[in-house]
Structures are given as C-alpha cells and as structure tokens.
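> sharing a sequence plus its predicted fold:
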Amino acid sequence: MTLHSYFPALRYRNFRLLWSSQLVSMAGSMMQTAAILWHVSLLVPPSQRGIALGMTGAVRIVPIVGFSIVSGVVADHFDRRKIMLLTQTGMAFCAASLAALAFAGVRTLWPVYVLAALSSAFWAFDGPSRQSLIPNLVPREILPNAISLNTIMFEIAAIAGPALGGLVIAWRGVAWAYAFNAISFLFVIAALFMMRDVPRRAAGTGSEVSLHAALEGLRFVFRTPLIRATMLLDFFATFFASATALLPIFAQDVLHVGARGYGFLSAAPSAGALIAAAAMVPLAERIRRRGVVVLGWVVVYGAATVAFGLSRSFWLTFLCLAITGVADTVSMVIRNLVRQLATPDSMRGRMTSVNMVFFMGGPQLGELEAGLVAQAFGAPLSVVTGGIGCILAVLWTAWRTPALRRYRRETMGREDAGGHDAAAQ
C-alpha cells in the first residue's frame, strides 16, 4: 500500500503545501503556548501562580469571542489565502516581540498578556479562513481523509512543540522558544504564495460584509441541532476538564520533574492523540454509531482527567494525559466531519468562527476556572472536580439532544434533527 493510497488527500498539491507548512508552524505555536505558561510561572510568586496561569486563558479567549463573528463573515466573503497571509504575518510579529521581551529580561507580566491577546486576535481571523479553505483543496469524497490528516498534523505538532519547547527552555530559556515560533510562520507564508488555482471566495457568496451576514451564520448553527450539540459538548467538556494551564504547578510542586518533565507532560495528550488520529484515518468512514462514539469517548476523557488529578506518579500522570488525547481525538474527528459535511461552502467560514468560540472558549475559560479553583483549594482538587464536571456535561448533552445519541453514518447529509439536507439550507 502506497502513501497516497492510505492518505489520498496528499495527492493534491495545494492541500499538501498547506498541510506540511502547518505542521512546522503549528509545532512552533504549541512551543510558544507552553513557553508562555512557563514564562508566566517565573514572573510571579509561587502563591500567585494559580491565578496568573489561569489569566493566560482569559486574555487569549477575549479577542476570539470579540472577533469571532466578523472573522467568519470575512472568511466567507474575501480571499481566504490573502487573509491567512495577513494573519500569519501578524502572529509572527507577536512571537518576535515576545522573544524580544524575554531576551531583554523584562520582568513585567502585562506585556506578555498583551502580546498573547494580540496573537489570539490574529488567530481569530486565521482559524475560519484556514479551516474553510481545506474543503476547497480536495474533492468532497476525500474530505474525511483530509480532516483525519489535519488532525494527525495537529497532534504531531502538539507532541513536538511542547516537548521541544521544554528542552529549549531548559537549554536556552523561553526567549528561544518564542524566536523559533516566529520563524515557523515563514513556512506557511511561503506555502500560501506557492498555491495555484485556489478559489478566491467561497462558492455562492457576494461581496457583502454585514451584521445580517453574521447573524445568518449564527442562525444556521443554532438551527442545526447536531452541529449545535457537538459545539456545546466541546465547550462544556473542555471547560471543566481543561487542566493544561496547571501543568507547571504539577511539574514543579507535585511531581518535581522540572522543565524537561513539564515539556513531556505537555506533549503527553498529543502522544495519545497521534495514535488515535492515525487509527482514525481508515476508521472514520467505517464508524456507524457516530453519536454514541462521540459521547462515550468524551466520558473517557473526563475519567482520565480525574485519574490525572489523583496521580502522584510521573508515568501514571503521563499515561492519563495520553488517554485524554486519545479520547479527545476520536470524538474530535467525528465532530469535525459532521460539521464540515453539514455546512455549505458559503457558510463554512461563519460556522467555523462560531465553533471557534466553543472550541477555544471552553479550554481557555476552563484554564481560568481551573486556576481560580487551584488558587483556593489546590491544583489536584481543581483537576479532579473538573473531570467530574466533564462527565456530568456529557450526560446532560446526551439527555438534551436525542438526535446526537441516535446519529449514525447513514444520516450523513441530513445532519439536522428535522431530517432536511443541511447543505441546502
């Protein structure tokens, strides 16, 4: 079996360019995310680490919520490739500025928060354009394979980024982690220039950018129960069980493994996720009871989080975090497949921007919640209660959305509970 027969999406040059360049850039971004958390933990006294680390999630989510709706409209009405050129350049500037601060030895916390927020503002516009560009790069029948490959890319980057970040921080300090991330954006910029025959606008759209167009995207999402349910599930599960912001505390004060151990713990969820993503390449199309699979694996995610909070062993903690990566990836691939196939191209930017609020908002606000609970009651209890909250959120979603429990592969193309073809709406 050849590589292209297993990964048919890689036959398409434009997708191959985006995929390979994003692999480098995303690894740099993951390195920076880990570096920011470590950087913040060094700038505050130990007694204030919980709230300071939690605030990193808050400053990142505010721009995403603020710009999400307009960014989706922009992605649906303008050249998505040109938007990405602007956003990738902006994020490179933010990374270079963080590196300059760290090299200069600035000990003030607020510039780190400001640059993290500005980077998230660029990300708010980058995400809808990038995600809605993918279905334009491969045929519809290849889209499940492209989504699985995109997940593999993300997870490889999420393994390499934090692991290399921990090594770089231990070797040369956080400034070099920021610098490497700034360089990584150049790969995407080069790939975007090299693409050929990419549609400039989404099919079926005009040039209007308006409040009406933004509200139209919101109405589409909330009138399609399966899309709405997968987004709510994503938000509540990650809100309660998002504990990655507390990893510096576990590495320093609970497990006593230092920067190198922190890097490997940060990469553990993605190590499991990479295995799951590779398995999902041939399996994604074969899974029949997709709704049950989504719900079941998110329960596993919550249970593994509880075990992580109770663990006092490095390797047991690593295993629990890896299991969270497996569980999240299996459910994420299916959720993404549902949303992309249920959404017409003219709505994909807006759908993705709404989803970004849930996808990014859950873990970022969850980091703030976890930090506040950790500040008051300790990091282990914060993680344990978060895992329990995740499980309860899954049970509530399953009870409130029977269409998700009953969802099977044969219903593809009829994603809304009313049985109408969502792509025709």
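Yep, that arrived. Numbers count the residues shown, from 1 in each chain.
> can you give me phi and psi for the residue lying closest to Y12 once chain neighbours are set aside?
Nearest non-adjacent residue to Y12, counting by C-beta to C-beta, 6 or more residues apart in numbering: V138, 5.2 Å away. Every residue, glycine included, has its C-beta placed from N, CA and C. Main-chain dihedrals, V138, degrees, to the nearest 10: phi -140, psi 160.
> I'd guessed V138 sits against R13; true?
No - look at V138 against R13 with C-beta atoms under 8 Å: they stay out of range, at 10.7 Å.
> so for these two, which sits in the more crowded spot?
When V138 and R13 are compared for neighbours, V138 comes out ahead with 21 against 13, by other C-beta atoms under 10 Å.
> what about the more buried one, distance to A160?
V138 is 25 Å from A160, where distance means C-beta to C-beta, to the nearest Å.
> V221 too?
From V221 to A160 the distance is 33 Å (C-beta to C-beta).
> likewise for H77?
35 Å.
> cool, and N355?
25 Å.
> who are the packing partners of whichever strand or helix holds A116?
Per DSSP states H and E: A116 is located in helix 110-133. For helix 110-133, the elements it packs on are helix 13-43, helix 49-77, helix 80-104, helix 348-377, judged by 3 or more C-beta pairs under 8 Å, 6 or more residues apart in numbering; DSSP states H and E.
> and it, what's buried?
112-113, 115-133 (16 or more other C-beta atoms under 10 Å).
> try stretch 39-49
H39, V40, S41, L43, R49.
> now render those as a markdown table, adding distance to A273.
Putting the buried residues of stretch 39-49 into a markdown table (distance: C-beta to C-beta, whole Å) gives the following:
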| residue | distance to A273 |
| --- | --- |
| H39 | 25 |
| V40 | 25 |
| S41 | 24 |
| L43 | 30 |
| R49 | 27 |
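> let's have the residues you listed in JSON lines, adding pLDDT and distance to V59.
Listed next are those as JSON lines, based on pLDDT from 0 to 100; distance: C-beta to C-beta, whole Å:
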{"residue": "H39", "pLDDT": "91", "distance to V59": "13"}
{"residue": "V40", "pLDDT": "90", "distance to V59": "10"}
{"residue": "S41", "pLDDT": "87", "distance to V59": "15"}
{"residue": "L43", "pLDDT": "89", "distance to V59": "14"}
{"residue": "R49", "pLDDT": "79", "distance to V59": "16"}
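> identify the farthest-apart pair in those.
Maximum pairwise distance among the buried residues of stretch 39-49 (C-beta to C-beta): 11.9 Å, between H39 and R49.
> now for the two: what residues contact both?
The overlap between the contact sets of H39 and R49 (C-beta atoms under 8 Å, 6 or more residues apart in numbering) is empty.
> so which bits of stretch 219-228 are buried?
Neighbour counts using 16+ other C-beta under 10 Å place F220, V221, T224, P225, L226, I227, R228 of stretch 219-228 among the buried residues.
> among those, which ones are in helices?
F220, V221, P225, L226, I227, R228 (DSSP state H).
> I'd guessed M195 sits against R81; true?
Yes - here M195 reaches R81: they are 6.4 Å apart, a contact under C-beta under 8 Å.
> more neighbours, these two?
The neighbour comparison of M195 against R81 (other C-beta under 10 Å) goes to R81, with 20 against 15.
> what about L247, how many neighbours?
Neighbour tally, L247, other C-beta under 10 Å: 28.
> for it, helix, strand, or coil?
At L247 the chain is in helix, as set by DSSP: H, G, I helix; E, B strand; the rest coil.
> and it, what pLDDT?
Listed pLDDT for L247 reads 86.
> going forward, the N-terminal residue is numbered 525.
I'll keep to 525 as the first residue from here, and by that count the last item is L771.
> relative to G690, how far out is it?
From L771 to G690 the distance is 10 Å (C-beta to C-beta).
> between the two, what contacts are shared?
In contact with both L771 and G690: Y786, S790, using C-beta under 8 Å, 6+ apart.
> is it true that A802 touches L673?
No - using C-beta under 8 Å, A802 is not in contact with L673, being 10.0 Å away.
> higher neighbour count, those two?
L673 (24 against 18).
> tell me which element L840 is part of?
Per DSSP H and E: helix 838-865 holds L840.
> show me what that helix is packed against.
Against helix 838-865 (3+ C-beta pairs under 8 Å, 6+ apart) you get helix 667-695, helix 749-765, helix 782-807, helix 814-834, helix 872-901.
> make CSV from these and add distance to C914 and mean pLDDT to it.
Putting the helices and strands packed on helix 838-865 into CSV (distance: least, C-beta to C-beta, whole Å; pLDDT from 0 to 100) gives the following:
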stretch, distance to C914, mean pLDDT
helix 667-695, 19, 81
helix 749-765, 4, 80
helix 782-807, 14, 80
helix 814-834, 3, 88
helix 872-901, 9, 77
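> I'd like those helices as TSV, with distance to T853 appended.
What follows is the helices and strands packed on helix 838-865, written out as TSV (distance: least, C-beta to C-beta, whole Å):
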stretch	distance to T853
helix 667-695	6
helix 749-765	13
helix 782-807	4
helix 814-834	9
helix 872-901	14
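> between these, which one is nearest to I858?
helix 814-834 (5.0 Å).
> next, the buried residues of that closest one.
So, applying 16+ other C-beta under 10 Å, buried residues of helix 814-834: 814-833.
> cool, and stretch 682-692?
Going by 16+ other C-beta under 10 Å, stretch 682-692 has these buried residues: A682, I683, A684, G685, P686, A687, L688, G689, G690, L691, V692.
> may I have that stretch as CSV, with CA atoms only?
Output of stretch 682-692 as CSV, limited to C-alpha atoms (Å, rounded to 0.1, in the frame of the first residue of the first chain):
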residue,chain,number,x,y,z
ALA,A,682,1.3,19.2,19.6
ILE,A,683,3.7,16.5,20.6
ALA,A,684,6.8,18.0,19.1
GLY,A,685,6.1,21.6,20.1
PRO,A,686,5.8,21.3,23.9
ALA,A,687,8.5,18.5,24.1
LEU,A,688,10.9,20.6,22.1
GLY,A,689,9.8,23.7,24.0
GLY,A,690,10.6,22.1,27.3
LEU,A,691,14.1,21.1,26.0
VAL,A,692,14.7,24.6,24.5
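> give me the neighbour count for the residue nearest to F539 when sequence neighbours are not counted.
Nearest residue to F539, sequence neighbours excluded (C-beta to C-beta, 6+ apart): L661, at 4.1 Å. By other C-beta under 10 Å, 21 other residues sit near L661.
> was I right to think L661 contacts W543?
No - between L661 and W543 there is no contact under C-beta under 8 Å: 9.1 Å.
> quick check: closest non-adjacent residue to M856.
T675 (6.7 Å).
> neighbours around the residue nearest to A599 when sequence neighbours are not counted, how many?
Closest residue in space to A599, ignoring its immediate chain neighbours: G873 at 2.9 Å, by C-beta to C-beta, 6+ apart. G873 has 31 neighbouring residues, counting by other C-beta under 10 Å.
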